[in-house]
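> here are the coordinates; sequence isn't available:
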Ligand SMILES: C[S@@+](CC[C@H](N)C(=O)[O-])C[C@H]1O[C@@H](n2cnc3c(N)ncnc32)[C@H](O)[C@@H]1O
């Protein structure tokens with residue numbers, strides 16, 4: 001049975017909760033109704049690296065959903081940890097205390113196991129970060145540093161809880177269902193606890209966002225109905241603005257815009273969207289993240305990207321980004337409103 005937790009886990013014997021080492025950006029503390037969590041100890045601005053951490057243990061090679069077998073595979077990994085790391089791991093939150101202990105902890109800390117599941121990690125501090133549907137940080141794996149990074153994507157005033165998103169998007173009913181099923185809690189974040197009328201508006205936007213996502217992801221439409229796809233991107237960007245979305249959904253949208261423009265040889269807009277993608281990625285994952293480094297060269301030379309030039313339908317030169325326009329006029333140009 002998955003208990004809904006209100007009591008924080010205790011630090012392992014002989015240890016204390018980790019604190020930030022060189023800086024004092026956060027502390028681990030009990031949070032009402034959520035167990036432990038991270039609290040900002042000073043004002044944090046968007047784009048700040050809040051923390052980065054190597055995993056205690058990863059699920060790489062854990063290839064089954066058979067808990068018996070997974071437990072044995074995890075036990076092998078666990079046995080190679082230092083005694084201190086073993087203690088820290090065993091003290092992490094466990095929503096499935098009646099099941100196998102190691103897979104219980106792994107499942108409780110956000111990472112599915114089994115065929116097709118992406119390998120994930122369990123972390124001493126990052127695994128203490130609670131969920132919000134309107135997160136103020138974004139987590140990402142940086143393969144170059146071999147660390148998970150946590151970047152602020154909003155202003156986080158001192159004393160505020162630092163929250164990531166375990167699950168993105170969809171209306172509140174859908175989000176609640178998934179969070180309850182996989183993590184055993186009812187979400188009371190700022191978005192889920194909006195007054196009824198406001199929640200209804202927000203939910204309608206989220207449903208529309210899902211429909212727009214389908215249009216944007218439709219390869220045939222991207223090829224043959226590019227105007228419709230760019231309109232869908234434009235509408236989605238407005239929804240993100242209204243809903244205050246600052247997380248990875250934003251960079252994904254800019255990437256889609258970059259691709260559709262580039263595919264139809266609109267180098268000017270492709271450059272702008274590649275730049276917006278890079279700014280969003282830099283904020284959420286740093287300028288040493290693979291995604292940022294991979295796309296950055298295409299801000300200058302979008303035509304070198306694989307997506308370039310399937311048609312010449314929207315052909316522009318890379319140098320024709322208009323200069324000196326006001327914000328509204330630039331937006332009209334960017335989204336091809338007058339085209
Ligand atoms: C990865 S752990 C997060 C850290 C955990 N609170 C702890 O004490 O270690 C995930 C668990 O934290 C709790 N949790 C996370 N976000 C929550 C939220 N928004 N509301 C209530 N509980 C939450 C749930 O019990 C969830 O299964």
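Perfect, thanks for sending it. Because the structure is a prediction, the values reported are computed rather than measured.
> Can you name the residues bridging to the residue lying closest to residue 132 once chain neighbours are set aside?
Residue nearest to residue 132 in three dimensions, not counting chain neighbours: residue 163, with 3.5 Å by Cβ to Cβ, 6 or more residues apart in numbering. (C-beta placed from N, C-alpha, C; glycine too.) On the basis of DSSP bridges, residue 163 is bridged to residue 130.
> tell me, how many neighbours does the closest residue to the ligand within the stretch 201-339 of the chain end up with?
Of all residues in the stretch 201-339 of the chain, residue 247 sits closest to the ligand, at 15.3 Å by Cβ to the nearest ligand atom. Residue 247 has 24 neighbours, counted by other Cβ atoms under 10 Å.
> Give the burial count for the residue of the stretch 1-150 of the chain at minimum distance from the ligand, as a bare number.
The stretch 1-150 of the chain approaches the ligand most closely through residue 35 (2.7 Å), counting by Cβ to the nearest ligand atom. Per other Cβ under 10 Å, the neighbour tally for residue 35 reads 16.
> before we move on, back to that, for the residue lying closest to the residue of the stretch 201-339 of the chain closest to the ligand once chain neighbours are set aside, phi and psi?
Spatially, and ignoring its direct neighbours in sequence, residue 247 is nearest to residue 138 (5.2 Å; Cβ to Cβ, 6+ apart). When read as degrees, to the nearest 10, the backbone of residue 138 gives phi -130, psi 140.
> gap between residue 138 and residue 334?
Distance of residue 138 to residue 334, given as Cβ to Cβ, to the nearest Å: 24 Å.
> swap in residue 247?
For residue 247, the distance to residue 334 - Cβ to Cβ - is 22 Å.
> Could you do residue 144 as well?
32 Å.
> what does residue 102 give?
Separation of residue 102 from residue 334 (Cβ to Cβ): 50 Å.
> hey, where'd the helices end up in the protein?
Counting by DSSP state H, the chain has helices at residues 67-79, 83-90, 101-108, 172-183, 196-216, 219-224, 226-243, 248-263, 267-285, 290-295, 297-300, 327-334.
> that older thread, looking at residue 144 and residue 334, which has the bigger crowd around it?
residue 334 (21 against 10).
> contacting residues for the residue of the stretch 201-339 of the chain closest to the ligand?
135, 138, 153, 165, 168, 284 (Cβ atoms under 8 Å, 6 or more residues apart in numbering).
> just residue 268 next, same as before
Taking Cβ under 8 Å, 6+ apart as the test, what residue 268 contacts is 316, 317, 318, 319, 320, 321.
> Can you tell me which of these are classed as buried?
316, 321 (16 or more other Cβ atoms under 10 Å).
> what residues does this structure put near the ligand?
Within reach of the ligand by Cβ under 6 Å from any ligand atom, the chain has these residues: 5, 8-9, 33-37, 92-93, 95, 108-110, 127-128, 130-131, 183-185, 187, 189.
> 8 Å - rerun?
2, 4-5, 8-9, 31, 33-37, 92-93, 95, 108-110, 127-132, 163, 166, 179, 183-189 (Cβ under 8 Å from any ligand atom).
> Give the closest residue to residue 256 in space, chain neighbours not counted.
Per Cβ to Cβ, 6+ apart, closest to residue 256 is residue 216, 5.1 Å.
> before we move on, back to that, any chance of the helices of the chain in CSV with distance to residue 53 and mean pLDDT as columns?
What follows is those, written out as CSV (distance: least, Cβ to Cβ, whole Å; pLDDT from 0 to 100):
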stretch, distance to residue 53, mean pLDDT
helix 67-79, 17, 92
helix 83-90, 12, 97
helix 101-108, 16, 91
helix 172-183, 20, 92
helix 196-216, 31, 98
helix 219-224, 37, 98
helix 226-243, 28, 98
helix 248-263, 19, 97
helix 267-285, 14, 98
helix 290-295, 18, 98
helix 297-300, 29, 98
helix 327-334, 38, 97
